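Colleague: Give the three-dimensional model of this entry:
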Amino acid sequence: QIIYAPIIKGIGIKKTLNFGISIYFIGTIGCFASYLFDNFELLKYSRAVTGIGSGSGFVAIYTTINNVWNEKEARKITSYTSLSFVLIPGIAVILSGFIVSYCGWQHCFTFLSLWCLILFAMAKTLPETEKDSNIKSINLGCMVKNYCEVMNIIILIFGLMYGIAASVFYVYV
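Modeller: Okay, the predicted model is just below:
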């Protein structure tokens, strides 16, 4: 996810979201292809690609909330968004259980590929809230410098706590 904020600043939210969805789509196609070629290595690497692509949505959501709503409304919307991040994994486990039981595990990736097409359509309806995008902000040196300026021990501790809690939750689900 850390790479997407500078990309959003560089090319805008909609293009970044479409870029991430495209990466995710390529990963899901690779996952399905791993079944066709009976290749576990392809499955592992394709799942990593889907993970890289999926990070764009998380960043785009919170950037859009920050850019569109005032602080009071943003808190309310963020709480709803966070609630969806809690509910969706459970729904995904149930849905994938049905797909695996009745169609086979490989068709989870067929479903995810179709889901990508729905996400592309939904992304078209989003407003472009990053009005002053600047392609120069996609610079590795600039990114590292900016992240170093805003990082402090409190942010790192809370980020680590959130990451551990989310990991435990997703492993449990």
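Colleague: helices or strands up against the strand or helix carrying residue 32?
Modeller: In this assignment (DSSP states H and E), residue 32 forms part of helix 13-36. Under the contact definition 3 or more C-beta pairs under 8 Å, 6 or more residues apart in numbering; DSSP states H and E, helix 13-36 sits against helix 4-11, helix 40-68, helix 106-124. From N, CA and C alone the C-beta is placed, and that goes for glycine too.
Colleague: out of these, deepest packed?
Modeller: Neighbour counts (mean count of other C-beta atoms under 10 Å) averaged over each of these peak at helix 4-11, with a mean of 20.
Colleague: quick one, longest helix in the chain?
Modeller: Ordering each helix of the chain by length in residues (DSSP state H) puts helix 71-102 first.
Colleague: Tell me how far that helix lies from the chain's centre.
Modeller: 13 Å (C-alpha atoms, centre = their mean, to the nearest Å).
Colleague: other SSEs contacting that helix?
Modeller: helix 40-68, helix 106-124, helix 153-172.
Colleague: nearest to residue 86, of those?
Modeller: helix 153-172 (7.8 Å; C-beta to C-beta).
Colleague: Tell me which residues are up against that closest one.
Modeller: 86, 89 (C-beta atoms under 8 Å, 6 or more residues apart in numbering).
Colleague: tell me the contacts of the nearest residue to residue 4 once chain neighbours are set aside?
Modeller: Distance criterion C-beta to C-beta, 6 or more residues apart in numbering; nearest residue to residue 4, sequence neighbours excluded, is residue 59 at 4.0 Å. Applying C-beta under 8 Å, 6+ apart to residue 59 gives the contacts 1, 4, 5, 8, 16.
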